[in-house]
Structure formats: C-alpha cells, structure tokens
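> Here's a sequence, model it:
(2 chains)
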Number of protein chains: 2
Amino acid sequence: MYKLYSMQRSGNSYKVRLALTVLDVPYHAIEIDILRGESRTPDFLAKNPSGQVPLLEVAEGRYLAESNAILWYVAIGTRLAPDSPIERAEALQWMFFEQHALEPNIGAAYFWLSLVKGGRDLQTHALDDWMERGYAALQVMENHLRTHDFFAAGQLTIADIALYAYTHLADQCDFDLTTFPSVRAWLRRIEQQPGFITMDGSAASSGNAAVGIARA
Amino acid sequence: MYKLYSMQRSGNSYKVRLALTVLDVPYHAIEIDILRGESRTPDFLAKNPSGQVPLLEVAEGRYLAESNAILWYVAIGTRLAPDSPIERAEALQWMFFEQHALEPNIGAAYFWLSLVKGGRDLQTHALDDWMERGYAALQVMENHLRTHDFFAAGQLTIADIALYAYTHLADQCDFDLTTFPSVRAWLRRIEQQPGFITMDGSAASSGNAAVGIARA
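Numbers count the residues shown, from 1 in each chain, chains lettered A, B, ... in the order given. Next comes the predicted model:
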C-alpha cells in the first residue's frame, strides 16, 4: 500500500489524495504539518531534501516528490492518464502550466493569506504580483474551458486534478471568480465526478464513503 | 518535420532546440521575438492563447505549448526519456521542480535583468525574492549532484536539459555559482554531451556541425 506524506490543508497534497480516492487506490496517509516545521526535521529531510509535501514512498526507502510527478506515477495505466502520445503531452502541458502560472500565485496567496497568521502583512510587497499573474492564469483557463469540458483528452484526467486543487481555493485568498463562469462550471463538474472528496477529506454530496485523513 | 516557434534568447525555447539537436531530429525554427510583441499578435495567439514560446506544431494546426511538455513529447521513445515508470516519474519530478522553483526565479531574473532595458529598475520589489528562492533551488540541485552525475536514471535525460537552460544563465543575472561546485561540474558535463549546442545555436568545441536558428 502506498505511504503518502501529506498535509491536510496543502493544495499540492490534496491533488494526490484526490487522485488516489477517485482511482479507489488505498493508501496510508501520514500528516506532516509544515507550519509546525515537521517537513524540516532531519528524519523528513532524509526522505525529501526539498522539505516539501506531498511525498510518496514508491518502494522501500525510495521516495517521489513533486505533486504532479506523483499524479503521473499513480495514474499511469488508468483512465486518469490518456493513452495517446499527443493527449498525454497535452495533459502534461496543462500540468506544467499549473506549476509555473497557477500554483506560484494562487498557491502562494492561499498560503500567506489563509494559512499563516499575519501573513498578509509579511507579504504586502508580493501580493500585487500574485493577483495579476493569478488572474492571467485564470483567464487562460477560462478561454480553454469555454470550448472544452476538461483540460485534455475530452475527459477527466490528472491535468484537471492538478488544476482543481488551487483553483478551488482562489476565493479563499482574495480572487473573485465572478467573471470566470466557465472556470466555475468546471469546478462544479469536477466535484460531481465519482469518488470526489473535498480537501478536508469528506465525500461529496453524491454519497461516497468518507475517506482521506481517516485512513492514516 | 517539426515546426518550432522559438525565441533565440529564451531559456525555455533553448531547451527544445537543445533536445532536438542532441537527438539529431531536424526541425524548422520560426523566430518569435516576444520583446517586440510577436507572441501577442492575433495570428500567434490563435496558435497559443497563452502567447508564449516555445510552441511546437505536432500536427497540421495542432500545437503543443509548455517547454517541458514539448521535451517529453519529442523525447518519448528515445534515450532522453527513461523507460521504467519510476525513473520516468523521477525525471518528471525534476522537470516540475524546474518549472516551479528554478524557472520562476532565475528565469524571471534573467528576463528582467538581462533582456529588458531598464528592467532592473522596474522590478526592484521582486529581486530579493527571486534571489532567495533561486539560491534555494540551486542548493537543492547542488545536494543532489553531490552524489549523482545526472538528475534521473543515471544518464542524460530531458530532466537535465530542462534544468540546464536557466541554470547556465544564472551568472548572467546576479547569481554567483562559486559555492555550487557540483552544479558547475554538471553544467560542464552537459556541455560535453554529443550534439550539445549553445543558446546562440553554435556547436560546442567538440566539433559538431553548427545548428539552431540557421535551420529556420
């Protein structure tokens, strides 16, 4: 069974939990609270020198970092990873977009504005840049979703899961999604997928059994 | 033959040119000068709504964006992309690291300090953050390279090509690599690979034929 080092309120960690739950793959989650320094202990740094979650133990003593690389690894051979080379590359295209255009902005805004006490005062110099670049990323997504239900391959893939994690947190950190109707419709579409769980680990209203942190 | 929309002085574009040249895959390069707005014309935006290079035409009228997704697409089935699932995932791990930890910092510093006239004055508020996070990324790479010759699979892969592009520009935008001896040794190792070309398209001293923009 996979062993996943994860933080409940980390969007990057949520991606992996969501994919594993949608795929109905059992896993053992170990909560690492980065706000309390638990990703910076000698023991954790020996597993991941970057000191970040999520981290997946893929074999005894062998660890894989980077949320989107983990998504790729757990999804390969399943319906969440397209088969054809071009559709795979298009899913990856959106996953790289997520890590350089969306996560560094909405993810950073969420971390400092929602998670860290007093974070807004510490990061006033960066806030304008996050907002500008975060809205630019949302506009790219809105434009794509006007003519597509999902990001790649015409169906739910790990690209959607990667992008959902921080997009669904946008309204918790100053972003206003009013002018992004296609993004909002896509968020609702993801939430209606079989096996969907919210970030706190509870099942969607469709009646799935509760999963998530309770598995740890 | 691949048609590649690329900018000569863009690190992200250079990655793709370098991989295609190392693989000895012919391509037709079309220079897009983003500093002159050529990636924001209606014609280009119809091809890539993100308005970015590199952009690869993978089939008539079908375009793939995001440098690292393009690397993956052109390398699949070649020696630059590992075969085993875990080694593939480890290569992807470093490529995602590149796009969220290295490129947003060294890439941004390079763009504003080296390419844009007066850019340093425009971006003084961001420079400290780029420097701090860029050095943190370099330290993660240094730690890995102390015990590895390459980033994944024990050989040159697209992970090395992705990371080389902006790392080799670090000293052109205020980063000092003196205290990163393993990173410097790795840069030299990449430059000695068969088929290596510099960013301006000239061959390395090993005697390869000049390639790059001259192919356009």
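> Surely residue A:63 is within a strand?
Yes - Residue A:63 sits within a strand when classified using DSSP: H, G, I helix; E, B strand; the rest coil.
> Name the nearest residue to it, ignoring sequence neighbours.
Nearest non-adjacent residue to residue A:63, counting by Cβ to Cβ, 6 or more residues apart in numbering or on different chains: residue A:47, 5.0 Å away. The way it works is simple: take the backbone N, C-alpha and C, and place the C-beta from them, glycine included.
> if I read this right, that neighbour contacts residue A:5, doesn't it?
Yes - at 7.2 Å, residue A:47 counts as touching residue A:5 under the criterion of Cβ atoms under 8 Å.
> Now do the shared contacts for those two.
Taking Cβ atoms under 8 Å, 6 or more residues apart in numbering or on different chains as the contact rule, residue A:47 and residue A:5 both touch A:55, A:57.
> okay, those two: which has more neighbours?
Using other Cβ atoms under 10 Å in any protein chain shown, the more surrounded residue of residue A:47 and residue A:5 is residue A:5, with 23 against 17.
> ok so, going back, so what's the residue nearest to residue A:63 scoring on pLDDT?
Turning to residue A:47, the model gives it a pLDDT of 96.
> quick one: contacts for it?
If you count contacts by Cβ under 8 Å, 6+ apart, residue A:47 has them with A:5, A:55, A:57, A:63.
> can you pull out the strands in chain A?
In chain A, the strands defined using DSSP state E lie at A:2-6, A:27-31, A:55-59, A:62-65.
> who in chain A is up against chain B?
Residues of chain A lying close to chain B (Cβ under 8 Å from any Cβ of the partner chain) are A:49-50, A:58-59, A:62, A:64-70, A:72-73, A:76, A:85-86, A:88-90, A:92-97, A:99-101, A:103-104, A:125-126, A:129, A:140, A:143-144.
> Which members of these are classed as buried?
The neighbour count (16 or more other Cβ atoms under 10 Å in any protein chain shown) marks A:50, A:58, A:64-70, A:72-73, A:88-90, A:92-97, A:99-101, A:103-104, A:126, A:129, A:140, A:143-144 as buried among those.
> Enumerate every residue touching residue A:155.
Residue A:155 sits next to residue A:79 when contact means Cβ under 8 Å, 6+ apart.
> Show me what the helix ranked longest in chain A is in contact with.
Identified as the longest helix of chain A according to DSSP state H is helix A:124-145. Residues outside helix A:124-145 that contact it (Cβ under 8 Å, 6+ apart): A:97, A:101-102, A:104-106, A:108-109, A:112, A:120, A:151, A:163, A:167, A:170, A:174-175, A:177, A:180-183, A:185-186, B:49-50, B:125-126, B:129.
> Likewise for stretch A:86-95?
The contact list for stretch A:86-95 (Cβ under 8 Å, 6+ apart) reads A:68, A:71-72, A:81-82, A:151-153, A:157-159, A:162-163, B:58-59, B:62, B:64-66, B:68-70, B:72-73, B:96.
> Those residues in helices, which ones?
Among the contacts of stretch A:86-95, the members falling in helices (DSSP H) are A:68, A:71-72, A:158-159, A:162-163, B:68-70, B:72-73, B:96.
> which one of the residues you listed is nearest residue B:38?
Distance to residue B:38 across the ones in helices among the contacts of stretch A:86-95 (Cβ to Cβ) is lowest for residue B:70, with 18.7 Å.
> Surely that closest one and residue B:54 touch.
Yes - contact status for residue B:70 versus residue B:54: in contact at 6.0 Å, counting by Cβ under 8 Å.
> shared neighbours, these two?
Each of B:15, B:16 lies in contact with both residue B:70 and residue B:54 under the rule Cβ under 8 Å, 6+ apart.
> Make CSV out of the contacts of residue A:47 and add distance to residue A:22 and pLDDT.
Converted to CSV, these look like this (distance: Cβ to Cβ, whole Å; pLDDT from 0 to 100):
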residue, distance to residue A:22, pLDDT
A:5, 20, 98
A:55, 20, 98
A:57, 21, 98
A:63, 23, 97
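> who wins for neighbours among the residues you listed?
residue A:55 (26 neighbours).
> That one: what's it in contact with?
Contacts of residue A:55 by Cβ under 8 Å, 6+ apart are A:4, A:5, A:32, A:47, A:48, A:63, A:64, A:65.
> Between these, which sits nearest residue A:26?
For the contacts of residue A:55, the nearest to residue A:26 is residue A:4 (10.7 Å; Cβ to Cβ).
> Just the pLDDT at that closest one, thanks.
98.
> With the one 10 residues further on instead?
pLDDT for residue A:14: 98.
> Repeat that for the one 3 residues further on.
Among the per-residue scores, residue A:17 shows a pLDDT of 98.
> give me the number of residues near it?
Residues near residue A:17, counting by other Cβ under 10 Å, number 25.
> picking that back up, which one of the ones in helices among the contacts of stretch A:86-95 is nearest to residue B:37?
When the ones in helices among the contacts of stretch A:86-95 are compared for distance to residue B:37 (Cβ to Cβ), residue B:70 wins out at 22.5 Å.
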